[in-house]
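Participant: Here is a sequence together with a model predicted from it:
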Amino acid sequence: MTERGFFHPDRGYWQITGWPPVAIVESWPDGWREVAVRPQGSYVFDPGTDTWLPADPVITHEEVDAERARRIDLGAEFTLSDGMVIAITGRQQDQTVLLGSSIAAQSLAVSGETNPVMVYRDRDNQIRNLTPLQMIELYTKGLTWITTIMQVSWAMKDGTGPYSAGIPSDYTDDSHWPDPA
């Protein structure tokens with residue numbers, strides 16, 4: 001038996017096998033019409049053109065989490081207030097190193113140290129000699145950037161703020177994610 005598709009403006013699409021008895025067809029409301037059977041996969045029916053269109057893919061929270069992690073792991077370049085540009089990665093071990101260095105930098109800054117006594121190897125394997133205040137600034141900018149990335153991912157998944165319509169289909173586009181501070 002052959003599958004058949006039907007559409008009614010108020011009742012939407014339905015599909016049956018074969019042709020129904022005349023009594024059933026006569027009970028259908030006025031305005032129904034036979035249309036192409038829904039193709040395999042995810043499609044939505046466009047009654048204006050009587051065609052099936054590919055449905056927007058449903059993006060999962062896990063995909064947003066993966067994009068967030070990818071961006072954090074990749075890192076970014078940060079410009080310090082003195083103009084120095086430093087590239088960092090946001091992998092967990094790098095976050096730990098920056099946190100420890102910022103704690104040490106706070107102690108050094110409180111004791112009055114102003115020389116570049118802190119050594120940091122950046123994302124590009126460049127050795128940086130930083131003052132305690134530069135290290136604190138680098139950590140603060142990196143932490144702010146990571147926190148903002150996390151907040152964007154939460155808004156996408158929760159459907160809040162600019163993402164009240166849900167996760168956008170182009171969620172990996174740079175326009176949705178923050179630039180480094």
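Facilitator: Sure, I can see it. Residues are numbered from 1 along each chain as shown.

Participant: pLDDT at residue 48, what is it?
Facilitator: Looking at residue 48, its pLDDT is 89.

Participant: Doesn't it lie inside a strand?
Facilitator: No. Under DSSP: H, G, I helix; E, B strand; the rest coil, residue 48 sits outside any strand and is assigned coil.

Participant: how about the strands in this structure?
Facilitator: 3-8, 12-17, 33-35, 43-46, 51-54, 76-79, 85-88, 118-121, 127-130 (DSSP state E).

Participant: mind checking which of those is nearest residue 170?
Facilitator: strand 51-54 (15.4 Å; CB to CB). Backbone N, C-alpha and C define where each C-beta goes, glycine included.

Participant: Partner strands of that closest one, with direction?
Facilitator: strand 43-46 (antiparallel) (DSSP bridges).

Participant: Any buried residues in stretch 45-54, and which?
Facilitator: 45, 52 (16 or more other CB atoms under 10 Å).

Participant: distance between that stretch and the chain's centre?
Facilitator: Distance, stretch centre to chain centre, for stretch 45-54: 29 Å (CA atoms, centre = their mean, to the nearest Å).

Participant: and the end-to-end length of that stretch?
Facilitator: Terminal residues of stretch 45-54 are spaced 9 Å apart (CA to CA, to the nearest Å).

Participant: Show me what the top helix by length along the chain is packed against.
Facilitator: Selection of the longest helix in the chain by residue count, based on DSSP state H, yields helix 132-158. Applying 3 or more CB pairs under 8 Å, 6 or more residues apart in numbering; DSSP states H and E, we find helix 132-158 packed against helix 61-74, strand 76-79, strand 85-88, helix 92-110, strand 118-121.

Participant: Report the separation between residue 48 and residue 157.
Facilitator: Residue 48 sits 33 Å away from residue 157, going by CB to CB, to the nearest Å.

Participant: circling back to that earlier point, quick check: which of the strands of the chain is nearest to residue 66?
Facilitator: Here strand 76-79 is closest among the strands of the chain (CB to CB), at 17.9 Å.

Participant: hmm, who's touching the closest one?
Facilitator: 85-88, 90, 138, 141-142, 145, 179-181 (CB atoms under 8 Å, 6 or more residues apart in numbering).
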